[in-house]
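Chemist: need a structure here:
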Amino acid sequence: MSIKPLIILPDPLLRQVSRPVEQVDERLKKFAADMLDTMYDAPGIGLAAIQVGEPLRLLVIDLAKEKEPKAPQVFINPEIVSKSEEKSVYEEGCLSIPDYYAEVERPAVVRVKYRDLEGQQHEVEASGLLATCLQHEIDHLDGVLFIDHISRLKRDIVVRKFKKLAKDKPQSGALA
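Modeler: Purely as a prediction, here's the structure:
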């Protein structure tokens, strides 16, 4: 088990577009397991590789409720192939933007193709929280944050707050 440090706004890495996973091997499987450990530790329900500093098109999700058995899902090179016209609104948060939540409108249903940890191709039609979570995490792979879906005014306030927090945070190795 290895907990990875989370990348936090305003780190420019969060705006980087992730590259496709070329090969599903033991190293990638271990990294996916580490991502799940990191997500559970945070705690969260989804995590994209870029959020732990790896610009790979890989994400993990677990929507199991508290006291339910874990139900981890790994999506390699996920791609939204269709979206419904119908919309839904969920209050979203993000491990890379701690303690900030906002209502975001997204397509209610999406069809996503992806590979699993065995390299097998799959396609899933997702609705509800899974659809929202997949769209949120796939956005990360494209350098998009959930705050990009809210008003410019609210987004600017959040970005300014996190820039100030980053500036005020003591640098590692600095004398306290």
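Chemist: okay, CA-based contacts and neighbour counts for the rest of this
Modeler: OK.
Chemist: can you list the buried residues in the lowest-mean-pLDDT helix or strand in the chain?
Modeler: Least confident helix or strand of the chain, by mean pLDDT, DSSP states H and E, is helix 152-168 with a mean of 93. Residues 155, 158, 162 are the ones in helix 152-168 that count as buried (16 or more other Cα atoms under 10 Å).
Chemist: secondary structure element holding the nearest residue in space to residue 132 that is not next to it in sequence?
Modeler: Residue nearest to residue 132 in three dimensions, not counting chain neighbours: residue 106, with 6.9 Å by Cα to Cα, 6 or more residues apart in numbering. Here residue 106 sits within strand 97-107, counting by DSSP states H and E.
Chemist: strand partners (parallel or antiparallel) of the helix or strand following that strand?
Modeler: Note on strand 97-107: by DSSP H and E, the next helix or strand toward the C-terminus is strand 109-115. Partners of strand 109-115 in the sheet, by DSSP bridges, are strand 73-83 (antiparallel), strand 121-127 (antiparallel).
Chemist: how about the ones you listed in TSV, adding distance to residue 43?
Modeler: Below are the strands paired with strand 109-115 laid out as TSV (distance: least, Cα to Cα, whole Å):
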stretch	distance to residue 43
strand 73-83	16
strand 121-127	22
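Chemist: specify the beta-bridge partners of the residue lying closest to residue 85 once chain neighbours are set aside.
Modeler: Nearest non-adjacent residue to residue 85, counting by Cα to Cα, 6+ apart: residue 107, 6.4 Å away. Note on residue 107: beta-bridge partners by DSSP bridges are residue 87.
Chemist: residue contacts, residue 107?
Modeler: Neighbour list for residue 107: 83, 84, 85, 86, 87, 88, 131, 132 [criterion: Cα atoms under 8 Å, 6 or more residues apart in numbering].
Chemist: then residue 126?
Modeler: Neighbour list for residue 126: 109, 110, 111, 112 [criterion: Cα under 8 Å, 6+ apart].
Chemist: quick revisit: tell me which of the contacts of residue 107 is nearest to residue 49?
Modeler: Nearest to residue 49 out of the contacts of residue 107 is residue 132 (Cα to Cα; 17.6 Å).
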